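Colleague: build me a model from this:
(chains A and B)
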Amino acid sequence: MTRVTNVMRLQLMNRQSYVIVPLLVLGGAALLALAIFLLVPYDGPKYAVMAAAAPLWAFLVVGVQALTLSFPFSQALGATRRDFHLGTLLTAAMTSAMLAIIYLAISLVEKATNGWGLNGYFSTPGLDGDAPLAAFASYFVLAMLCFLVGYWSAAVIKRWGTVVLISALVGVAIALTVASLLLVRFGAMQAVAEWAVAQGALGLDAWGLLLVVVLAATSFLTLRRITQ
Amino acid sequence: MTSIIEVKHLTKRYRTATALDDVSLALDEGKIYGLLGRNGAGKTTLMSILTAQNFATSGHVRVFGEDPYENARVLGRLCFVRENQKYPERATPPQAFRTASYFYPNWNQRLAERLVEEFQLPTDRPIQRLSRGQLSAVGIVIALAARADVTFFDEPYLGLDAVARQVFYDRLIEDYAESPRTIVLSSHLIDEVANLLEHVIVLDRGRVVIDAAADDIRGSAFNVVGDATAVAAFAVGKQVLRKQTLGNVTSVVLKGQMSESDKVRLARSGVEVAPVSLQQFIVSSAAQPDRGDAWGTDGPPAKVEARQLVRNGGAR
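Modeller: Sure thing, here's the model as predicted:
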(Lines give C-alpha, C1' and ligand atoms only; values in the text may rest on other atoms or scores of the structure.)
Protein backbone atom coordinates (compact mmCIF):
# COMPACT_ATOMS: atom_id res chain seq x y z
CA MET A 1 0.00 0.00 0.00
CA THR A 2 2.91 2.37 0.72
CA ARG A 3 4.04 1.83 -2.85
CA VAL A 4 0.62 2.88 -4.15
CA THR A 5 0.44 5.94 -1.91
CA ASN A 6 3.95 6.87 -3.06
CA VAL A 7 2.61 6.98 -6.61
CA MET A 8 -0.28 9.17 -5.44
CA ARG A 9 2.23 11.55 -3.89
CA LEU A 10 4.16 11.49 -7.15
CA GLN A 11 1.01 12.36 -9.11
CA LEU A 12 0.17 15.14 -6.66
CA MET A 13 3.73 16.41 -6.30
CA ASN A 14 2.51 19.43 -8.11
CA ARG A 15 -1.09 20.14 -7.24
CA GLN A 16 -1.49 22.55 -10.10
CA SER A 17 -2.51 20.00 -12.75
CA TYR A 18 -4.89 17.90 -10.70
CA VAL A 19 -6.41 20.51 -8.40
CA ILE A 20 -5.69 24.13 -9.11
CA VAL A 21 -6.18 24.24 -12.88
CA PRO A 22 -9.54 22.38 -12.88
CA LEU A 23 -10.75 24.63 -10.03
CA LEU A 24 -9.67 27.77 -11.87
CA VAL A 25 -11.42 26.59 -15.02
CA LEU A 26 -14.56 25.75 -13.02
CA GLY A 27 -14.54 29.11 -11.22
CA GLY A 28 -13.79 31.08 -14.39
CA ALA A 29 -16.49 29.28 -16.36
CA ALA A 30 -19.03 29.89 -13.55
CA LEU A 31 -18.27 33.63 -13.47
CA LEU A 32 -18.51 33.90 -17.25
CA ALA A 33 -21.82 32.02 -17.19
CA LEU A 34 -23.20 34.43 -14.58
CA ALA A 35 -22.08 37.42 -16.63
CA ILE A 36 -23.82 36.02 -19.68
CA PHE A 37 -27.00 35.27 -17.70
CA LEU A 38 -27.03 38.96 -16.72
CA LEU A 39 -26.72 40.04 -20.34
CA VAL A 40 -29.29 37.70 -21.87
CA PRO A 41 -32.67 39.49 -22.06
CA TYR A 42 -34.71 36.36 -21.40
CA ASP A 43 -36.59 35.55 -18.19
CA GLY A 44 -37.06 31.80 -18.67
CA PRO A 45 -34.55 29.26 -17.27
CA LYS A 46 -31.09 29.48 -18.90
CA TYR A 47 -28.54 26.67 -18.79
CA ALA A 48 -24.78 26.97 -19.25
CA VAL A 49 -24.11 23.35 -20.14
CA MET A 50 -20.72 23.88 -21.76
CA ALA A 51 -19.48 25.96 -18.83
CA ALA A 52 -20.05 23.09 -16.41
CA ALA A 53 -18.22 20.78 -18.83
CA ALA A 54 -15.13 23.00 -19.08
CA PRO A 55 -13.15 21.53 -16.13
CA LEU A 56 -13.73 18.07 -17.57
CA TRP A 57 -11.57 18.99 -20.55
CA ALA A 58 -8.81 19.94 -18.15
CA PHE A 59 -9.08 16.40 -16.79
CA LEU A 60 -8.53 14.98 -20.25
CA VAL A 61 -5.17 16.80 -20.35
CA VAL A 62 -4.34 15.64 -16.82
CA GLY A 63 -5.00 12.07 -17.95
CA VAL A 64 -2.63 12.44 -20.90
CA GLN A 65 0.14 13.92 -18.74
CA ALA A 66 -0.28 11.29 -16.05
CA LEU A 67 0.96 8.83 -18.62
CA THR A 68 3.39 10.79 -20.77
CA LEU A 69 5.22 12.55 -17.91
CA SER A 70 4.48 10.94 -14.55
CA PHE A 71 4.72 7.34 -15.76
CA PRO A 72 8.34 7.64 -16.97
CA PHE A 73 9.30 9.29 -13.67
CA SER A 74 7.68 6.46 -11.69
CA GLN A 75 9.66 3.97 -13.79
CA ALA A 76 12.91 5.77 -12.99
CA LEU A 77 12.09 5.43 -9.29
CA GLY A 78 11.44 1.70 -9.56
CA ALA A 79 7.62 1.63 -9.26
CA THR A 80 5.88 -1.35 -10.82
CA ARG A 81 3.34 -0.66 -13.56
CA ARG A 82 0.59 -2.09 -11.37
CA ASP A 83 1.39 0.22 -8.46
CA PHE A 84 1.63 3.16 -10.83
CA HIS A 85 -1.77 2.34 -12.33
CA LEU A 86 -3.51 1.89 -8.98
CA GLY A 87 -1.97 5.04 -7.51
CA THR A 88 -2.90 7.05 -10.58
CA LEU A 89 -6.51 5.79 -10.60
CA LEU A 90 -6.88 6.60 -6.90
CA THR A 91 -5.50 10.08 -7.48
CA ALA A 92 -7.91 10.63 -10.36
CA ALA A 93 -10.83 9.31 -8.28
CA MET A 94 -9.92 11.57 -5.37
CA THR A 95 -9.68 14.70 -7.47
CA SER A 96 -12.77 13.81 -9.53
CA ALA A 97 -14.70 13.43 -6.27
CA MET A 98 -13.45 16.82 -5.15
CA LEU A 99 -14.68 18.44 -8.37
CA ALA A 100 -17.99 16.57 -8.10
CA ILE A 101 -18.54 17.86 -4.54
CA ILE A 102 -17.99 21.42 -5.69
CA TYR A 103 -20.36 20.87 -8.59
CA LEU A 104 -22.93 19.48 -6.18
CA ALA A 105 -22.52 22.50 -3.91
CA ILE A 106 -23.06 24.84 -6.87
CA SER A 107 -26.17 22.98 -7.97
CA LEU A 108 -27.63 23.15 -4.44
CA VAL A 109 -26.97 26.88 -4.21
CA GLU A 110 -28.55 27.39 -7.62
CA LYS A 111 -31.71 25.56 -6.53
CA ALA A 112 -31.90 27.53 -3.31
CA THR A 113 -31.48 30.89 -5.05
CA ASN A 114 -33.53 30.18 -8.16
CA GLY A 115 -30.47 30.35 -10.38
CA TRP A 116 -28.65 33.16 -8.58
CA GLY A 117 -31.83 35.20 -8.85
CA LEU A 118 -31.28 35.29 -12.61
CA ASN A 119 -32.99 32.01 -13.43
CA GLY A 120 -29.66 30.94 -14.92
CA TYR A 121 -28.17 27.53 -14.16
CA PHE A 122 -24.66 26.32 -14.28
CA SER A 123 -25.62 22.81 -13.27
CA THR A 124 -27.48 20.67 -15.76
CA PRO A 125 -30.85 19.32 -14.64
CA GLY A 126 -30.44 16.18 -16.76
CA LEU A 127 -27.36 15.24 -14.74
CA ASP A 128 -29.00 15.87 -11.40
CA GLY A 129 -32.17 13.89 -11.77
CA ASP A 130 -33.28 16.18 -8.94
CA ALA A 131 -31.27 14.11 -6.46
CA PRO A 132 -28.07 15.49 -4.92
CA LEU A 133 -26.46 12.06 -5.08
CA ALA A 134 -27.10 11.88 -8.83
CA ALA A 135 -25.55 15.32 -9.38
CA PHE A 136 -22.44 14.15 -7.57
CA ALA A 137 -22.31 10.74 -9.28
CA SER A 138 -22.83 12.14 -12.79
CA TYR A 139 -20.09 14.68 -12.45
CA PHE A 140 -17.73 12.17 -10.86
CA VAL A 141 -18.30 9.60 -13.60
CA LEU A 142 -17.85 12.18 -16.36
CA ALA A 143 -14.61 13.46 -14.84
CA MET A 144 -13.26 9.92 -14.52
CA LEU A 145 -14.24 9.14 -18.10
CA CYS A 146 -12.44 12.24 -19.38
CA PHE A 147 -9.35 11.37 -17.37
CA LEU A 148 -9.32 7.78 -18.59
CA VAL A 149 -9.88 8.68 -22.23
CA GLY A 150 -6.78 10.91 -22.05
CA TYR A 151 -4.80 8.32 -20.06
CA TRP A 152 -5.68 5.41 -22.32
CA SER A 153 -5.15 7.42 -25.53
CA ALA A 154 -1.67 8.40 -24.38
CA ALA A 155 -0.94 4.79 -23.48
CA VAL A 156 -2.00 3.62 -26.96
CA ILE A 157 0.24 6.24 -28.59
CA LYS A 158 3.21 5.26 -26.45
CA ARG A 159 2.72 1.60 -27.15
CA TRP A 160 1.62 1.48 -30.78
CA GLY A 161 1.86 5.02 -32.15
CA THR A 162 -0.52 7.73 -33.32
CA VAL A 163 -1.85 5.86 -36.35
CA VAL A 164 -3.23 3.07 -34.18
CA LEU A 165 -4.90 5.54 -31.80
CA ILE A 166 -6.55 7.48 -34.62
CA SER A 167 -7.69 4.24 -36.25
CA ALA A 168 -9.15 3.09 -32.94
CA LEU A 169 -10.99 6.38 -32.39
CA VAL A 170 -12.29 6.44 -35.97
CA GLY A 171 -13.36 2.82 -35.51
CA VAL A 172 -15.34 3.71 -32.37
CA ALA A 173 -16.92 6.71 -34.14
CA ILE A 174 -17.96 4.56 -37.11
CA ALA A 175 -19.40 1.88 -34.84
CA LEU A 176 -21.44 4.47 -32.93
CA THR A 177 -22.68 6.09 -36.15
CA VAL A 178 -23.67 2.77 -37.68
CA ALA A 179 -25.43 1.79 -34.47
CA SER A 180 -27.45 5.02 -34.41
CA LEU A 181 -28.27 4.70 -38.11
CA LEU A 182 -29.56 1.17 -37.53
CA LEU A 183 -31.58 2.34 -34.54
CA VAL A 184 -33.18 5.07 -36.66
CA ARG A 185 -33.70 2.72 -39.61
CA PHE A 186 -35.56 0.20 -37.48
CA GLY A 187 -37.38 2.87 -35.51
CA ALA A 188 -35.79 1.82 -32.25
CA MET A 189 -34.63 5.31 -31.23
CA GLN A 190 -37.82 5.81 -29.27
CA ALA A 191 -37.20 2.61 -27.35
CA VAL A 192 -33.62 3.65 -26.53
CA ALA A 193 -34.79 7.03 -25.28
CA GLU A 194 -37.42 5.34 -23.12
CA TRP A 195 -34.81 2.94 -21.79
CA ALA A 196 -32.54 5.84 -20.84
CA VAL A 197 -35.34 7.68 -19.09
CA ALA A 198 -36.30 4.50 -17.26
CA GLN A 199 -32.71 4.11 -16.04
CA GLY A 200 -32.83 7.55 -14.45
CA ALA A 201 -29.76 9.65 -13.75
CA LEU A 202 -28.34 7.21 -11.20
CA GLY A 203 -28.94 4.23 -13.47
CA LEU A 204 -27.06 5.93 -16.30
CA ASP A 205 -24.27 6.81 -13.87
CA ALA A 206 -23.96 3.13 -13.04
CA TRP A 207 -23.54 2.35 -16.74
CA GLY A 208 -20.96 5.13 -16.93
CA LEU A 209 -19.13 3.61 -13.98
CA LEU A 210 -19.06 0.28 -15.79
CA LEU A 211 -17.44 2.06 -18.74
CA VAL A 212 -14.92 3.60 -16.32
CA VAL A 213 -14.01 0.13 -15.08
CA VAL A 214 -13.64 -1.21 -18.63
CA LEU A 215 -11.44 1.72 -19.67
CA ALA A 216 -9.31 1.39 -16.54
CA ALA A 217 -8.74 -2.31 -17.21
CA THR A 218 -7.98 -1.68 -20.90
CA SER A 219 -5.53 1.07 -19.95
CA PHE A 220 -3.72 -1.27 -17.60
CA LEU A 221 -3.38 -3.96 -20.26
CA THR A 222 -2.02 -1.34 -22.67
CA LEU A 223 0.36 0.06 -20.06
CA ARG A 224 1.80 -3.31 -19.12
CA ARG A 225 3.97 -3.53 -22.22
CA ILE A 226 4.86 0.10 -22.85
CA THR A 227 8.60 0.52 -23.33
CA GLN A 228 10.67 3.56 -22.47
CA MET B 1 31.46 -12.31 -4.50
CA THR B 2 27.88 -12.84 -5.57
CA SER B 3 26.40 -11.84 -8.89
CA ILE B 4 23.40 -9.60 -8.43
CA ILE B 5 22.73 -9.14 -12.13
CA GLU B 6 22.79 -12.02 -14.57
CA VAL B 7 22.21 -11.63 -18.27
CA LYS B 8 22.04 -14.72 -20.45
CA HIS B 9 21.95 -14.73 -24.25
CA LEU B 10 19.99 -11.50 -24.25
CA THR B 11 18.89 -10.35 -27.69
CA LYS B 12 16.73 -7.35 -28.49
CA ARG B 13 15.57 -6.88 -32.04
CA TYR B 14 13.60 -3.94 -33.36
CA ARG B 15 11.88 -4.04 -36.71
CA THR B 16 14.89 -2.72 -38.56
CA ALA B 17 17.81 -3.11 -36.17
CA THR B 18 19.32 -5.42 -33.58
CA ALA B 19 20.04 -3.43 -30.43
CA LEU B 20 21.46 -6.31 -28.38
CA ASP B 21 22.91 -9.45 -29.87
CA ASP B 22 23.38 -12.48 -27.61
CA VAL B 23 24.66 -10.55 -24.61
CA SER B 24 25.75 -12.55 -21.55
CA LEU B 25 27.05 -10.81 -18.44
CA ALA B 26 27.32 -11.17 -14.69
CA LEU B 27 27.61 -8.12 -12.44
CA ASP B 28 28.84 -8.39 -8.87
CA GLU B 29 27.61 -6.59 -5.82
CA GLY B 30 29.35 -3.42 -4.65
CA LYS B 31 31.36 -2.54 -7.76
CA ILE B 32 31.40 0.42 -10.11
CA TYR B 33 30.88 -0.75 -13.67
CA GLY B 34 31.54 1.24 -16.79
CA LEU B 35 29.13 0.45 -19.60
CA LEU B 36 31.01 1.89 -22.53
CA GLY B 37 30.46 2.07 -26.23
CA ARG B 38 29.52 4.39 -29.03
CA ASN B 39 26.11 5.95 -29.45
CA GLY B 40 23.69 3.27 -30.54
CA ALA B 41 25.83 0.43 -29.19
CA GLY B 42 22.93 -0.80 -27.03
CA LYS B 43 23.86 0.64 -23.63
CA THR B 44 20.50 2.28 -22.88
CA THR B 45 18.57 -0.72 -24.19
CA LEU B 46 20.50 -3.04 -21.87
CA MET B 47 19.81 -0.84 -18.83
CA SER B 48 16.15 -0.50 -19.83
CA ILE B 49 15.71 -4.27 -19.98
CA LEU B 50 17.48 -4.72 -16.63
CA THR B 51 15.00 -2.29 -15.06
CA ALA B 52 11.97 -3.84 -16.84
CA GLN B 53 11.33 -0.69 -18.83
CA ASN B 54 11.92 -2.59 -22.04
CA PHE B 55 11.57 -6.24 -23.01
CA ALA B 56 13.91 -8.89 -24.35
CA THR B 57 13.28 -10.52 -27.73
CA SER B 58 15.04 -13.62 -26.41
CA GLY B 59 17.32 -14.60 -23.56
CA HIS B 60 16.73 -13.53 -20.00
CA VAL B 61 17.87 -11.28 -17.17
CA ARG B 62 17.87 -11.90 -13.43
CA VAL B 63 18.33 -9.12 -10.90
CA PHE B 64 18.85 -10.24 -7.29
CA GLY B 65 18.05 -13.70 -8.64
CA GLU B 66 14.60 -12.75 -9.90
CA ASP B 67 12.86 -11.55 -13.02
CA PRO B 68 12.56 -7.76 -12.52
CA TYR B 69 9.32 -7.34 -14.50
CA GLU B 70 6.48 -6.15 -12.25
CA ASN B 71 8.56 -7.31 -9.30
CA ALA B 72 8.36 -4.66 -6.58
CA ARG B 73 10.94 -6.50 -4.44
CA VAL B 74 13.50 -6.06 -7.19
CA LEU B 75 12.47 -2.77 -8.83
CA GLY B 76 12.32 -1.00 -5.46
CA ARG B 77 16.07 -1.54 -5.13
CA LEU B 78 16.90 -0.05 -8.54
CA CYS B 79 17.19 3.51 -9.75
CA PHE B 80 17.57 4.39 -13.43
CA VAL B 81 17.31 8.04 -14.39
CA ARG B 82 17.42 8.35 -18.15
CA GLU B 83 19.50 10.74 -20.13
CA ASN B 84 16.25 12.34 -21.39
CA GLN B 85 14.24 11.65 -18.23
CA LYS B 86 10.68 13.05 -18.13
CA TYR B 87 9.29 14.70 -15.00
CA PRO B 88 5.70 15.58 -14.08
CA GLU B 89 4.33 18.80 -15.53
CA ARG B 90 5.53 21.98 -13.79
CA ALA B 91 7.49 20.01 -11.15
CA THR B 92 10.42 21.89 -9.65
CA PRO B 93 13.70 20.14 -8.71
CA PRO B 94 12.94 20.16 -4.94
CA GLN B 95 9.51 18.61 -5.62
CA ALA B 96 11.12 15.88 -7.70
CA PHE B 97 13.66 15.21 -4.94
CA ARG B 98 10.99 15.04 -2.25
CA THR B 99 9.00 12.58 -4.35
CA ALA B 100 12.08 10.42 -4.98
CA SER B 101 12.79 10.39 -1.24
CA TYR B 102 9.47 8.58 -0.62
CA PHE B 103 10.58 5.75 -2.90
CA TYR B 104 14.03 5.17 -1.39
CA PRO B 105 14.39 4.34 2.31
CA ASN B 106 18.10 5.24 2.26
CA TRP B 107 17.56 8.63 0.61
CA ASN B 108 20.35 11.02 1.61
CA GLN B 109 18.80 14.48 1.85
CA ARG B 110 22.03 16.08 3.01
CA LEU B 111 23.82 14.90 -0.12
CA ALA B 112 20.91 16.08 -2.29
CA GLU B 113 21.08 19.57 -0.81
CA ARG B 114 24.83 19.73 -1.16
CA LEU B 115 24.65 18.71 -4.82
CA VAL B 116 21.94 21.28 -5.54
CA GLU B 117 24.29 23.93 -4.22
CA GLU B 118 27.34 22.63 -6.05
CA PHE B 119 25.48 22.33 -9.36
CA GLN B 120 23.92 25.76 -8.73
CA LEU B 121 20.59 24.24 -9.60
CA PRO B 122 17.61 26.65 -9.69
CA THR B 123 15.01 25.47 -7.19
CA ASP B 124 12.03 27.60 -8.15
CA ARG B 125 11.76 26.83 -11.85
CA PRO B 126 9.92 23.89 -13.44
CA ILE B 127 12.31 21.17 -14.58
CA GLN B 128 10.97 21.48 -18.13
CA ARG B 129 12.41 24.97 -18.32
CA LEU B 130 15.92 24.06 -17.16
CA SER B 131 18.90 23.89 -19.49
CA ARG B 132 20.28 20.59 -20.75
CA GLY B 133 23.04 20.62 -18.13
CA GLN B 134 20.64 21.45 -15.31
CA LEU B 135 18.35 18.63 -16.42
CA SER B 136 21.32 16.26 -16.19
CA ALA B 137 22.10 17.64 -12.73
CA VAL B 138 18.55 16.88 -11.53
CA GLY B 139 19.01 13.26 -12.65
CA ILE B 140 22.38 13.01 -10.92
CA VAL B 141 20.99 14.36 -7.63
CA ILE B 142 18.16 11.82 -7.67
CA ALA B 143 20.31 8.85 -8.64
CA LEU B 144 23.08 9.62 -6.12
CA ALA B 145 20.90 10.64 -3.18
CA ALA B 146 18.59 7.63 -3.70
CA ARG B 147 21.37 5.28 -2.58
CA ALA B 148 19.57 2.44 -4.34
CA ASP B 149 21.24 -0.97 -4.24
CA VAL B 150 21.81 -0.77 -7.98
CA THR B 151 22.04 2.65 -9.63
CA PHE B 152 22.20 3.12 -13.38
CA PHE B 153 23.59 6.35 -14.82
CA ASP B 154 22.82 6.92 -18.49
CA GLU B 155 25.31 9.44 -19.93
CA PRO B 156 24.71 11.49 -16.80
CA TYR B 157 26.98 14.41 -17.71
CA LEU B 158 25.28 15.65 -20.91
CA GLY B 159 25.44 19.44 -21.06
CA LEU B 160 27.42 19.73 -17.81
CA ASP B 161 30.53 21.90 -17.80
CA ALA B 162 33.90 20.52 -16.70
CA VAL B 163 33.53 21.78 -13.12
CA ALA B 164 30.10 20.22 -12.71
CA ARG B 165 31.30 16.93 -14.20
CA GLN B 166 34.13 16.84 -11.67
CA VAL B 167 31.62 17.51 -8.88
CA PHE B 168 29.67 14.50 -10.06
CA TYR B 169 32.72 12.22 -10.18
CA ASP B 170 33.94 13.39 -6.76
CA ARG B 171 30.60 12.98 -5.01
CA LEU B 172 30.03 9.63 -6.68
CA ILE B 173 33.30 8.28 -5.29
CA GLU B 174 32.76 9.86 -1.87
CA ASP B 175 29.26 8.57 -1.43
CA TYR B 176 30.19 5.17 -2.84
CA ALA B 177 32.93 4.91 -0.19
CA GLU B 178 30.46 5.86 2.50
CA SER B 179 27.70 3.58 1.26
CA PRO B 180 29.00 0.91 -1.14
CA ARG B 181 26.56 -0.27 -3.77
CA THR B 182 26.51 -1.38 -7.37
CA ILE B 183 26.80 1.42 -9.88
CA VAL B 184 26.53 1.08 -13.63
CA LEU B 185 27.80 4.15 -15.41
CA SER B 186 27.10 4.34 -19.10
CA SER B 187 29.42 6.69 -20.92
CA HIS B 188 31.21 7.49 -24.11
CA LEU B 189 33.64 9.88 -22.40
CA ILE B 190 35.89 6.99 -21.53
CA ASP B 191 38.98 8.78 -20.23
CA GLU B 192 36.96 11.02 -17.93
CA VAL B 193 35.35 8.15 -16.09
CA ALA B 194 38.22 5.66 -16.40
CA ASN B 195 39.55 6.27 -12.89
CA LEU B 196 36.17 5.60 -11.32
CA LEU B 197 35.69 2.20 -12.87
CA GLU B 198 36.52 -1.15 -11.38
CA HIS B 199 35.12 -3.16 -14.22
CA VAL B 200 34.56 -2.32 -17.85
CA ILE B 201 31.95 -3.64 -20.23
CA VAL B 202 32.23 -2.43 -23.80
CA LEU B 203 29.35 -2.86 -26.19
CA ASP B 204 29.72 -2.49 -29.90
CA ARG B 205 26.71 -2.78 -32.16
CA GLY B 206 24.83 -4.78 -29.56
CA ARG B 207 27.62 -7.21 -28.72
CA VAL B 208 29.91 -7.42 -25.72
CA VAL B 209 33.42 -6.87 -27.00
CA ILE B 210 35.19 -6.33 -23.66
CA ASP B 211 34.15 -7.53 -20.21
CA ALA B 212 37.14 -7.22 -17.90
CA ALA B 213 38.52 -5.65 -14.74
CA ALA B 214 39.81 -2.15 -15.46
CA ASP B 215 43.24 -2.98 -14.04
CA ASP B 216 43.59 -5.99 -16.33
CA ILE B 217 42.85 -3.79 -19.31
CA ARG B 218 45.42 -1.20 -18.31
CA GLY B 219 48.09 -3.88 -18.12
CA SER B 220 47.16 -5.57 -21.36
CA ALA B 221 48.76 -3.17 -23.83
CA PHE B 222 51.21 -0.29 -23.95
CA ASN B 223 51.93 2.70 -26.09
CA VAL B 224 55.24 3.45 -27.80
CA VAL B 225 56.01 6.83 -29.40
CA GLY B 226 59.09 8.01 -31.24
CA ASP B 227 61.05 8.08 -34.47
CA ALA B 228 59.20 6.08 -37.12
CA THR B 229 62.11 3.79 -37.95
CA ALA B 230 62.95 3.05 -34.33
CA VAL B 231 59.34 2.34 -33.46
CA ALA B 232 58.92 0.10 -36.49
CA ALA B 233 62.05 -1.82 -35.51
CA PHE B 234 60.81 -2.26 -31.96
CA ALA B 235 57.37 -3.39 -33.09
CA VAL B 236 58.70 -6.27 -35.17
CA GLY B 237 57.18 -9.51 -33.93
CA LYS B 238 54.66 -7.71 -31.73
CA GLN B 239 50.98 -7.33 -32.36
CA VAL B 240 50.14 -3.76 -33.31
CA LEU B 241 46.68 -2.75 -32.17
CA ARG B 242 46.83 0.75 -33.52
CA LYS B 243 49.30 2.82 -35.44
CA GLN B 244 49.32 6.57 -36.01
CA THR B 245 51.96 8.48 -37.91
CA LEU B 246 52.59 12.22 -38.00
CA GLY B 247 55.61 13.25 -40.04
CA ASN B 248 58.42 10.98 -38.94
CA VAL B 249 56.91 10.35 -35.50
CA THR B 250 54.95 7.15 -35.04
CA SER B 251 52.76 6.06 -32.15
CA VAL B 252 51.75 2.44 -31.78
CA VAL B 253 49.65 0.58 -29.26
CA LEU B 254 51.16 -2.85 -28.72
CA LYS B 255 49.51 -5.88 -27.23
CA GLY B 256 50.84 -7.47 -24.07
CA GLN B 257 53.24 -6.19 -21.43
CA MET B 258 56.83 -5.08 -21.79
CA SER B 259 59.56 -7.58 -21.04
CA GLU B 260 62.83 -6.60 -19.37
CA SER B 261 64.70 -6.87 -22.66
CA ASP B 262 62.11 -4.56 -24.24
CA LYS B 263 62.85 -1.95 -21.63
CA VAL B 264 66.56 -2.13 -22.29
CA ARG B 265 66.08 -1.89 -26.05
CA LEU B 266 63.74 1.08 -25.66
CA ALA B 267 66.11 2.96 -23.39
CA ARG B 268 68.79 2.64 -26.07
CA SER B 269 66.65 3.68 -29.02
CA GLY B 270 65.30 6.87 -27.46
CA VAL B 271 61.71 5.79 -27.95
CA GLU B 272 59.18 6.84 -25.31
CA VAL B 273 56.84 4.39 -23.69
CA ALA B 274 53.59 5.16 -21.93
CA PRO B 275 50.86 3.11 -20.33
CA VAL B 276 47.84 2.78 -22.56
CA SER B 277 44.73 4.58 -21.40
CA LEU B 278 41.41 2.83 -21.24
CA GLN B 279 40.17 4.99 -24.07
CA GLN B 280 43.19 4.23 -26.26
CA PHE B 281 42.77 0.54 -25.60
CA ILE B 282 39.09 0.51 -26.40
CA VAL B 283 39.46 2.62 -29.50
CA SER B 284 42.38 0.43 -30.57
CA SER B 285 40.82 -2.90 -30.01
CA ALA B 286 37.10 -2.84 -29.93
CA ALA B 287 35.03 0.18 -30.59
CA GLN B 288 36.06 1.05 -34.12
CA PRO B 289 33.45 1.17 -36.84
CA ASP B 290 35.49 -1.22 -38.96
CA ARG B 291 38.23 -3.06 -37.28
CA GLY B 292 40.11 -4.01 -40.42
CA ASP B 293 43.14 -1.89 -39.58
CA ALA B 294 43.62 -3.32 -36.13
CA TRP B 295 43.02 -6.95 -36.81
CA GLY B 296 43.86 -7.46 -40.43
CA THR B 297 41.00 -7.84 -42.86
CA ASP B 298 40.65 -11.55 -42.19
CA GLY B 299 41.19 -11.22 -38.46
CA PRO B 300 39.19 -13.19 -35.93
CA PRO B 301 35.86 -11.86 -34.62
CA ALA B 302 36.58 -8.88 -32.42
CA LYS B 303 34.57 -10.26 -29.51
CA VAL B 304 36.75 -13.31 -29.02
CA GLU B 305 39.95 -11.48 -29.79
CA ALA B 306 39.42 -8.54 -27.45
CA ARG B 307 38.60 -10.86 -24.60
CA GLN B 308 41.60 -13.05 -25.24
CA LEU B 309 43.73 -9.98 -25.37
CA VAL B 310 42.61 -8.91 -21.95
CA ARG B 311 43.03 -12.37 -20.49
CA ASN B 312 46.52 -12.79 -21.92
CA GLY B 313 47.57 -9.33 -20.86
CA GLY B 314 46.22 -9.75 -17.36
CA ALA B 315 47.66 -13.22 -16.87
CA ARG B 316 51.23 -12.37 -17.61
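Colleague: buried stuff in stretch B:13-24?
Modeller: Residues of stretch B:13-24 classed as buried by neighbour count (16 or more other C-beta atoms under 10 Å in any protein chain shown): B:19-21, B:23. C-beta: built from backbone N, CA, C; applies to glycine.
Colleague: with stretch B:150-169 instead?
Modeller: For stretch B:150-169, a neighbour-count test (16+ other C-beta under 10 Å) marks B:150-157, B:160, B:164-165, B:167-168 as buried.
Colleague: for chain A, which helix is longest?
Modeller: The single longest helix within chain A, with elements called by DSSP state H, is helix A:189-223.
Colleague: for that helix, packing partners?
Modeller: helix A:81-112, helix A:125-128, helix A:132-160, helix A:162-185 (3 or more C-beta pairs under 8 Å, 6 or more residues apart in numbering or on different chains; DSSP states H and E).
Colleague: run the angle between that helix and helix A:81-112 for me.
Modeller: Between helix A:189-223 and helix A:81-112, the angle comes out at 140 degrees (axes from the mean of the first three to the mean of the last three C-alpha atoms, to 10 degrees).
Colleague: number of nearby residues for the closest residue to residue A:16 other than its chain neighbours?
Modeller: Among residues not flanking residue A:16 along the chain, residue B:90 sits closest, at 5.3 Å (C-beta to C-beta, 6 or more residues apart in numbering or on different chains). Counted by other C-beta atoms under 10 Å in any protein chain shown, the residues lying close to residue B:90 total 20.
Colleague: which non-adjacent residue is nearest residue 107?
Modeller: In the absence of a named chain, this looks at chain A. Leaving out its chain neighbours, the residue that sits closest to residue A:107 by C-beta to C-beta, 6+ apart is residue A:123, at 3.5 Å.
Colleague: oops, chain B please
Modeller: Excluding the flanking residues, the one nearest residue B:107 by C-beta to C-beta, 6+ apart is residue B:101, at 4.0 Å.
Colleague: if we can go back for a sec, the residue nearest to residue A:107 - that's part of a strand, no?
Modeller: No: looking at residue A:123 with DSSP: H, G, I helix; E, B strand; the rest coil, it is coil, so not inside a strand.
Colleague: who's in contact with the residue nearest in space to the middle of chain A?
Modeller: By C-alpha atoms, centre = their mean, chain A has its centre lying nearest to residue A:143, at 2.1 Å. Taking C-beta atoms under 8 Å, 6 or more residues apart in numbering or on different chains, we find residue A:143 in contact with A:55-56, A:59, A:92, A:95-96, A:99-100.
Colleague: now do the residue nearest to it when sequence neighbours are not counted against residue A:62, distance only.
Modeller: Using C-beta to C-beta, 6+ apart and skipping residues adjacent in sequence, the residue nearest residue A:143 is residue A:96, 3.8 Å away. Taking C-beta to C-beta, to the nearest Å as the measure, residue A:96 falls 10 Å from residue A:62.
Colleague: again with residue B:59
Modeller: Noted for residue B:59: a distance of 39 Å to residue A:62, by C-beta to C-beta.
Colleague: looking at the two, which is more packed in?
Modeller: Taking neighbours as other C-beta under 10 Å, residue B:59 and residue A:62 compare with residue A:62 leading, 26 against 16.
Colleague: is it true that the more buried one touches residue A:17?
Modeller: Yes: using C-beta atoms under 8 Å, residue A:62 makes contact with residue A:17 at a distance of 5.2 Å.
Colleague: show the pLDDT at residue B:291.
Modeller: pLDDT for residue B:291: 41.
Colleague: same check on residue B:315?
Modeller: With respect to pLDDT, residue B:315 has a value of 38.
Colleague: with residue B:299 instead?
Modeller: pLDDT for residue B:299: 36.
Colleague: OK, contacts around residue B:118?
Modeller: B:164, B:167, B:171.
Colleague: and it, how close does it get to residue B:220?
Modeller: Residue B:118 sits 36 Å away from residue B:220, going by C-beta to C-beta.
Colleague: report the secondary structure state of the residue of the stretch 151-300 of chain B found nearest chain A.
Modeller: Across the stretch 151-300 of chain B, no residue is closer to chain A than residue B:152, which sits at 9.4 Å (C-beta to the nearest C-beta). With three-state DSSP as the basis, residue B:152 sits in strand.
Colleague: what bridges to it?
Modeller: Beta-bridge partners of residue B:152, counted by DSSP bridges, are residue B:80, residue B:184.
Colleague: tell me the confidence at it?
Modeller: pLDDT at residue B:152 comes out at 98.
Colleague: as TSV, the helices and strands packed on helix A:189-223 with mean pLDDT would be great.
Modeller: Below are the helices and strands packed on helix A:189-223 laid out as TSV (pLDDT from 0 to 100):
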stretch	mean pLDDT
helix A:81-112	93
helix A:125-128	62
helix A:132-160	94
helix A:162-185	95
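Colleague: in contact with residue B:147, which residues?
Modeller: Residue B:147 touches B:104, B:106-108, B:175, B:179, B:181, counting by C-beta under 8 Å, 6+ apart.
Colleague: can you tell me which of those end up in helices?
Modeller: Those of those lying in helices (DSSP H): residue B:175.
Colleague: separate out the buried members of the contacts of residue B:147.
Modeller: Here, 16+ other C-beta under 10 Å leaves B:104, B:107-108, B:175, B:181 buried among the contacts of residue B:147.
Colleague: and chain A, which of its residues are near chain B?
Modeller: A:3, A:6, A:9-11, A:13-14, A:16-17, A:65, A:68-70, A:72-73, A:75-83, A:224-225, A:227-228 (C-beta under 8 Å from any C-beta of the partner chain).
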